[in-house]
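quick one, fold the following:
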Amino acid sequence: MVLFRLERVVPLPVEQAWARLTDWPRHGDVVPLTRVTVLTPAPTDVGTVFVARTGVGPLTFDDPMEVVDWRPPTWCRLAKRGGLVTGWAEVEVHPHGDRYARVVWREELAVRRLPGLFDSPLGWLARRVFGRAVDGLLRPDPDPGAIGRPYRPPP
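Numbers count the residues shown, from 1 in each chain. Predicted structure coming up:
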């Protein structure tokens, strides 16, 4: 099991940082080889379920998640409900000065049947993958070539 924390201060209003981080399908644009599908009707609230499918061809796995605590625009907790990947994630967004937001992403991640001796490499990989994902989601003017599509707030 791996526990990690990412923190970013970005030149975005709290509401915009929150909207970018909780646009679940957009996570698929910033996580390599991943597509995210929301299985419950909008808007997001406690009980919202979405699945991140990662991989290529027969080497794929699903990472189903459920929103278990939802307090926009500052707090969200997700429970990972998968057969392979388990754990949770928490997203916090707070004002930082007049025109910035401070984002904290905490996650506990475990891969079933993966021996504990792999925790250190898993933690290293998770911090890099999720760090790049958070950076991509929060980029003020995303490069469509780097992320896949420019940011558009959810309806």
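
need the nearest residue in space to residue 77, chain neighbours excluded.
Residue nearest to residue 77 in three dimensions, not counting chain neighbours: residue 69, with 3.9 Å by C-beta to C-beta, 6 or more residues apart in numbering. Using the backbone N, CA and C atoms, a C-beta is placed for each residue, glycine as well.

got the contact list for the one you found?
With contact taken as C-beta atoms under 8 Å, 6 or more residues apart in numbering, residue 69 is in contact with 46, 75-77.

state the pLDDT value of it.
We have a pLDDT of 98 for residue 69.

is it in a helix, a strand, or coil?
With DSSP: H, G, I helix; E, B strand; the rest coil as the basis, residue 69 sits in strand.

ok, it to residue 126 distance?
Counting by C-beta to C-beta, to the nearest Å, the gap from residue 69 to residue 126 is 21 Å.

over to residue 48?
Residue 48 sits 23 Å away from residue 126, going by C-beta to C-beta.

which of these two has more neighbours?
Ranked by neighbour count (other C-beta atoms under 10 Å), residue 48 and residue 126 place residue 48 first, with 21 against 18.

using the three-state scheme, assign the spatially most central residue of the chain.
For the chain, the residue nearest the mean C-alpha position is residue 27 (6.1 Å; C-alpha atoms, centre = their mean). Using three-state DSSP, the secondary structure recorded for residue 27 is helix.

who are the neighbours in contact with it?
Counting by C-beta under 8 Å, 6+ apart, residue 27 touches 34, 36, 52, 133, 137.

what residue ranges in this protein score low on pLDDT?
Counting by pLDDT under 70, the chain contains low-confidence ranges at 140-155.

please enumerate the strands of it.
Ranges of strands in the chain, per DSSP state E, are 2-10, 34-38, 49-56, 59-71, 75-81, 85-96, 100-111.

pull up the pairing partners for the first one, direction included.
Right, the one you point to is strand 2-10. Strands adjacent to strand 2-10 in the sheet, as given by DSSP bridges, are strand 100-111 (antiparallel).
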